[in-house]
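Engineer: give me a model of this one.
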Amino acid sequence: MNRRHLLRLTAALALGSGLAACGREASGASVLKVGSQKGGTKALVLASGVLDGAPYRVEWSEFPAAQHLLEALGAGAVDLGAVGDAPFLFAFAGGAKIKAVQAARASGGGSSTAILVRGDSQLRAAADLKGKRVATGRGSIGHFLLLKVLEREGLKPADVELVFLSPGDAKAAFSSGAIDAWVTWGSYVALAQQHDRARVLADGKGLLSGYGFDIASERAIAGKRAELEDFLKRLAAAKRWVGDHRDEYAKVLAKETGLDLAIATYTVANTRGEPVPIDQTVIDEERRVLEVFQAAGAITGKPDLANAFDPSFNAAVTPA
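Structural biologist: Below is the predicted model:
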């Protein structure tokens, strides 16, 4: 890890400093270090209360985006964290010692990931992106969606000026007009529509797998298997709990993130993940995602996806 990445990782980890740990405080209790994107796993666990009585302590660190969480996983700074499939594959292909240990398939049919333009934009169709400045995160689900939309329109990645920015920087660039389009996801879509009168030029319906994964470091799998198994079982229960408690979860999400309740409600409705086993169907779908990045030259080499997934935790997905 170079100095720039280390500094960025340190800054991201600082977001987690001072966060209260959940689970039973007991002398000598083991510790599971869990990373959460803001408004992600931590908010879900707090809302559902699934960690009550856990025989270990959970230490939370919050990150602004999947890339930072994955860097922390690769560095051993956290044991577990949830990300979308595209950033996970990007990190694995880059050599990170991580594995997917639980899968979930999101509701919403891909509509919560979208290519946005400002309300006053002259762009009316995805084909109009040719020659325009488009921002998203490198290796993100937005990056993947852009590649798929360009392919559908008969365009190549080189036909647009692709600018890789963090969500915060991309939002600022979008608001100021420094970019022509922004490919983003979840609450960022609703925020842009509310604050910038953004329009959806194209979304992920029919183009995205919908899979997200809980990712563990190889070190944690080897050294904290019992804690991981228990946590994943509780987390799967929390994801199912949301199905009948969307309003309750949205209130906690709004409190944890500072989002308006309406935006939090939109996020819950469109991004809730249903736990599913890691099986050959999942792996085959992720191979297709990987091939899109490879065809665009975004991922080089041929990583062995058989080593990216650990289905031995599948029992945690099955309801008790």
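Engineer: what are the phi and psi angles of the nearest residue to Trp185 once chain neighbours are set aside?
Structural biologist: Distances taken as Cβ to Cβ, 6 or more residues apart in numbering place Thr113 nearest to Trp185, at 4.3 Å, with adjacent residues excluded. Every residue, glycine included, has its C-beta placed from N, CA and C. For Thr113, the backbone dihedrals (degrees, to the nearest 10) come out as phi -110, psi 130.
Engineer: contacting residues for Ala298?
Structural biologist: Each residue near Ala298 by Cβ atoms under 8 Å, 6 or more residues apart in numbering is listed here: 90, 138-139, 143, 147, 157.
Engineer: mind doing that once more with 10 Å?
Structural biologist: 86, 90, 93, 138-139, 143-144, 147, 157, 162, 292 (Cβ atoms under 10 Å, 6 or more residues apart in numbering).
Engineer: cool, and Ala170?
Structural biologist: So Ala170 contacts 116, 134-137, 142, 163-164, 178-179, 182-184, 188, 192 (Cβ under 10 Å, 6+ apart).
Engineer: and the residue nearest the centre of this structure?
Structural biologist: Val83 (3.2 Å; Cα atoms, centre = their mean).
Engineer: how much space between that one and Ala126?
Structural biologist: 26 Å (Cβ to Cβ, to the nearest Å).
Engineer: just the helices in this structure please.
Structural biologist: 3-14, 41-48, 66-75, 85-93, 141-152, 167-176, 187-196, 218-223, 225-241, 246-257, 261-271, 280-295 (DSSP state H).
Engineer: what's the closest of the ones you listed to Trp60?
Structural biologist: helix 41-48 (5.2 Å; Cβ to Cβ).
Engineer: now the angle from that closest one to helix 225-241?
Structural biologist: 70 degrees (axes from the mean of the first three to the mean of the last three Cα atoms, to 10 degrees).
Engineer: contact partners for the residue nearest to Lys205 when sequence neighbours are not counted?
Structural biologist: Distance criterion Cβ to Cβ, 6+ apart; nearest residue to Lys205, sequence neighbours excluded, is Gly110 at 4.7 Å. Taking Cβ under 10 Å, 6+ apart, we find Gly110 in contact with 141, 145, 148, 185, 203-210, 270.
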